[in-house]
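Colleague: 3D model of this:
(one chain, ligands or ions: 1)
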Amino acid sequence: MKVLIIEDDPQIIEAVSLAFQIRWPEAQLIATQEGERGAYMVETEKPDVVVLDLGLPDISGYDVLKQIRLFSDVPVLILTVRADEPDIIKGLEWGADDYMTKPFRQLELLARVKSLLRRRSPVGGEQTLVCGQLRLNPVTFQLFIADREVNLTRTEGIILHQLVKNAGQIVEHSTLAEAVWGEDYPDAAQSIKVYIRRLREKLEADPGEPQLILTKPGIGYVFARQC
Ligand code: CA
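Modeller: Coordinates of the predicted model:
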């Protein structure tokens with residue numbers, strides 16, 4: 001397993017590298033402090049997962065992401081000090097698979113990187129989920145609503161899969177977090193909220209007045225259809 005970290009703060013690279021050495025010595029960590037070089041290394045080094053800082057000295061992390069997505073679907077986790085929801089949404093919209101805000105817990109980063117890798121190797125065997133006009137492939141996360149194909153990131157696909165599978169019932173934050181990251185985190189509900197917002201933008205006629213994915217405050221979400 002090869003992990004590329006594109007980050008201009010040497011202290012963060014060192015901390016992450018130490019955490020990897022102790023907890024996941026079989027993974028190879030490669031790093032660069034520059035965005036252009038990072039995109040180049042995705043092409044030449046073919047990492048299995050990328051950890052990407054947004055504030056880089058040469059080009060922004062968004063531009064790096066845009067370049068990477070031209071030729072690669074490698075999982076990308078954004079690591080950023082920008083906790084503003086619009087910034088995070090923008091990152092997800094441009095093709096990131098997950099994000100974490102700084103300061104971060106190193107073990108959580110490690111767990112999230114591992115979960116992105118696990119999702120690269122689908123177990124298979126699961127049937128396409130059908131609910132009314134919606135058809136979701138639980139392995140590729142290809143989604144059709146009637147004849148319209150909707151592009152989902154893996155994380156969005158996993159969340160929608162959980163909701164549709166349990167249509168009409170409340171799915172708790174912790175259940176969604178476990179499905180996405182393999183475990184629940186203290187701020188998982190906050191992250192889930194961002195993905196739900198993205199899903200609503202893709203699925204709802206009016207994302208501000210959702211009819212499909214309803215919020216149960218403090219508990220979770222419900223897919224408001226009977227399948
Ligand atoms: Ca930075």
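Colleague: how about the closest residue to the ion within the chain, secondary structure?
Modeller: Proximity of the chain to the ion (CB to the ion) peaks at residue 55, 3.7 Å away. In short, each C-beta sits where N, CA and C put it, glycine included. Classification of residue 55 by DSSP: H, G, I helix; E, B strand; the rest coil places it in coil.
Colleague: which other helices and strands does the lowest-mean-pLDDT helix or strand in the chain contact?
Modeller: Lowest on mean pLDDT, DSSP states H and E among the helices and strands of the chain sits helix 85-93, with a mean of 83. On a contact count with 3 or more CB pairs under 8 Å, 6 or more residues apart in numbering; DSSP states H and E, helix 85-93 meets helix 61-71, strand 76-80, strand 98-101, helix 188-203.
Colleague: I'd like the distance between the residue of the chain closest to the ion and residue 37.
Modeller: 16 Å (CB to CB, to the nearest Å).
Colleague: any chance you could map the strands in the chain?
Modeller: For the chain, strands defined by DSSP state E occupy the ranges 2-6, 28-32, 49-53, 76-80, 98-101, 129-131, 134-136, 143-145, 148-150, 170-172, 213-216, 220-223.
Colleague: what does this structure have sitting close to the ion?
Modeller: 8, 53, 55 (CB under 5 Å from the ion).
Colleague: and the nearest residue to the first one once chain neighbours are set aside, its phi and psi?
Modeller: Spelled out, it's residue 8. Leaving aside its sequence neighbours, residue 8 sits nearest to residue 33 (CB to CB, 6 or more residues apart in numbering; 4.4 Å). Main-chain dihedrals, residue 33, degrees, to the nearest 10: phi -100, psi 0.
Colleague: show me what contacts residue 30?
Modeller: 2-5, 41, 45, 47 (CB atoms under 8 Å, 6 or more residues apart in numbering).
Colleague: how close does residue 162 sit to residue 87?
Modeller: Taking CB to CB, one finds residue 162 at 26 Å from residue 87.
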